[in-house]
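# need a 3D model of the following:
(one chain, ligands or ions: 2)
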Amino acid sequence: MRLLIVGNGGRASALALKLSEDSKITKMFFAPGNATTEKLGENINETDILALRDFAIKNKVDLTIVGPEAPLVEGIVDEFKKVDLKVFGPTKKAASLEGSKSFSKKFMQTYGIKTAKAVIFDSYVEAKEYLQTQEFPIVIKASGLAGGKGVVIAEDLEEAEGTIHDFMIKRIFGDAGIQVVIEEFLQGFEASIIGVSNGEKIFPFVSAKDYKKAGNGDKGPNTGGMGSVAPSPEFTDAHNQDFIQNIMNPTVEGLKKEGLNFKGFIFFGLMITKNGTYLLEYNMRLGDPETQVLLPLLENNLVDVIEDCLNGKELDLKFKDKKAVCLVVCSGGYPKNHETGYEITGVEKVKNSKVLYAGADYRGSRVVSTGGRVLNIVALGDTYDEARKKVYEDAVPVQFDYAFYRDDIAKF
Ligand code: AMP
Ligand code: GLY
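Ligands and ions are numbered 1, 2, ... in the order given. Take a look at the predicted model:
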């Protein structure tokens, strides 16, 4: 079996590692991949969706898995399906549940999904008028994809007005900010649930927790994720029941009624407040860095899971009774300006964890940093402490100039 995996971060490495255990896979292509995927497969340079389609035809790819949101929202699944290529992921229409926050909020409101109260605006003047009547903090979201930067929690009217001005008038995110969603601020803690859909039903994985802020104690700016754990120790059975009843089941019903049924991954970004579990967003794909802790816990063969979904079969997902911890090691300065191109050394000294490269590539025989989130260190343990100890011990020998990471991942 020949696979094509679209993506390049730590999530692509986690997929590569999980799939490398599968003897029926004879070849894995990664577009564009990183240093881990180059070791386990072959990296290719294509990123354009039609070029990827042509590559898949020419190279007799049996199955394509898409990691990031951009190609999904652009319609990669539709293009692959037109030429009968097997691909796991949402159609362009279903991907707009991630690509358009106004579309997804309307969907949540229509199907009674538990979510923050919100109003959608196309008009700057109306949005500005509305803000005068609101309490703060308030959450302002650019409707379209803005590389994870399109959500602002405005502390007062001045910041809120500045934000809608940036989004709708200055258009700092281009067309993504033409429409905005203004919603109630929810206080609580976040949890991530990833599931797979077979077109009829969603089968959820165990929960995960993503550490989004750059600094210890959740201080500093938002990032693409500084670490993760699974299962999330904060997310109880009661929260899960709330999620299934008030979020997952009505989502399944809405997908059917809207004709958005798809076969692929779906990610629920949740906020747990004193009034229960709320849906903040859908991502129509695997999360990063959640995937890095979920796949090592998943006992099922991943290609079997995907093929069963594609064939509309029922799934019986099984997870190891362990805790998984992922520490993200970053370039100094991330998520703001940072330098790359530094050699990474000491990986061979890692004993009890797996190193997954994210923003790192081979230059000859050396591996050098190429991005903000450079590599992930992942370990399993019977307890969070055991897994945590392994990743922090193994982080010590792994070095590159100006590397940094949070000290409090999985510290409960
Ligand atoms: P989203 O892309 O919609 O999940 O928003 C990105 C991040 O903004 C979330 O992970 C939360 O940390 C925060 N956020 C989004 N919506 C809300 C809300 N209604 N209340 C509080 N925080 C929010
Ligand atoms: N961890 C959230 C995401 O993948 O967007």
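
# show me what counts as buried in the top helix by length along the chain.
Secondary structure of the chain read by DSSP state H shows that its longest helix is helix 384-395. For helix 384-395, a neighbour-count test (16 or more other Cβ atoms under 10 Å) marks 384, 386, 387, 388, 389, 390, 391, 392, 394, 395 as buried. In short, each C-beta sits where N, CA and C put it, glycine included.

# next structured bit after it?
Heading C-terminal from helix 384-395, the first helix or strand you meet, by DSSP states H and E, is strand 403-404.

# what pLDDT, on average, does that next one get?
The average pLDDT within strand 403-404 is 97.

# neighbouring contacts of that strand?
Outside strand 403-404, the residues that touch it by Cβ atoms under 8 Å, 6 or more residues apart in numbering are 329, 330, 331, 332, 334, 342, 374.

# of those, which pair is most distant in space?
334 and 342 (12.7 Å; Cβ to Cβ).

# between the two, which one's more packed in?
Comparing residue 334 with residue 342 by other Cβ atoms under 10 Å, the one with more neighbours is residue 334, at 22 against 19.

# so who does that one touch?
214, 223, 372, 373, 404.

# out of the residues you listed, who's the most crowded?
The most crowded member of the contacts of residue 334, judged by other Cβ under 10 Å, is residue 373 (24 neighbours).

# just the buried ones from the contacts of strand 403-404?
If we count by 16+ other Cβ under 10 Å, the contacts of strand 403-404 have these buried: 329, 330, 331, 334, 342, 374.

# can you list which of the residues you listed are found in strands?
Counting by DSSP state E, the part of the buried ones among the contacts of strand 403-404 found in strands is 329, 330, 331, 374.

# closest to ligand 2 among those residues?
residue 330 (15.0 Å; Cβ to the nearest ligand atom).

# surely that closest one meets residue 375?
No: under the criterion of Cβ atoms under 8 Å, residue 330 makes no contact with residue 375, lying 9.0 Å away.

# one step back: and the longest helix of the chain, how far out from the chain middle?
With Cα atoms, centre = their mean, to the nearest Å as the basis, helix 384-395 stands 23 Å off its chain's centre.

# which phi and psi does the residue nearest to the spatial centre of the chain have?
For the chain, the residue nearest the mean C-alpha position is residue 287 (2.1 Å; Cα atoms, centre = their mean). Residue 287 adopts backbone torsions of phi -90, psi 150, taken as degrees, to the nearest 10.

# now do the contacts for it.
Going by Cβ under 8 Å, 6+ apart, residue 287 touches 11, 192, 194, 208, 210, 225, 267.

# between those residues, which sits nearest ligand 1?
residue 210 (8.1 Å).

# quick one: the closest one is in a strand?
Yes: if the criterion is DSSP: H, G, I helix; E, B strand; the rest coil, then residue 210 is within a strand.

# for the residue of the stretch 1-150 of the chain found nearest ligand 2, which non-adjacent residue is spatially closest?
At 6.6 Å from ligand 2, residue 148 is the closest residue in the stretch 1-150 of the chain, using Cβ to the nearest ligand atom. Leaving out its chain neighbours, the residue that sits closest to residue 148 by Cβ to Cβ, 6 or more residues apart in numbering is residue 224, at 6.2 Å.

# confidence score at whichever residue of the stretch 1-150 of the chain sits closest to ligand 1?
The stretch 1-150 of the chain approaches ligand 1 most closely through residue 116 (3.8 Å), counting by Cβ to the nearest ligand atom. For residue 116, the pLDDT comes out at 98.

# what of residue 296?
98.

# pull the contacting residues for it.
Here residue 296 is in contact with 14, 17, 18, 320, 324, 354, 378, 380 (criterion: Cβ under 8 Å, 6+ apart).

# restricted to helices, list those residues.
Per DSSP H, helices hold the following members of these: 14, 17, 18.

# who wins for neighbours among those?
That'd be residue 14 among the ones in helices among the contacts of residue 296, by other Cβ under 10 Å, with 28 neighbours.

# quick check: that residue touching residue 290?
No: Residue 14 lies out of contact with residue 290 (Cβ under 8 Å); the separation is 9.4 Å.

# which non-adjacent residue is nearest the residue in the stretch 301-412 of the chain positioned nearest to ligand 1?
Across the stretch 301-412 of the chain, no residue is closer to ligand 1 than residue 335, which sits at 13.6 Å (Cβ to the nearest ligand atom). The spatial neighbour of residue 335 that comes closest, neighbours along the chain excluded (Cβ to Cβ, 6+ apart), is residue 223 at 4.6 Å.

# residue 64 should be in a strand, yeah?
Yes: using three-state DSSP, the assignment for residue 64 is a strand.

# how many residues are close by it?
24.

# so what's the residue of the stretch 101-250 of the chain found nearest ligand 2 bridging to?
Nearest to ligand 2 in the stretch 101-250 of the chain, going by Cβ to the nearest ligand atom, is residue 210, at a distance of 4.4 Å. Beta-bridge partners of residue 210, counted by DSSP bridges, are residue 228.

# could you report the neighbour count for it?
24.

# surely it and residue 224 touch.
No: with contact defined as Cβ under 8 Å, residue 210 does not count as touching residue 224 (9.3 Å).
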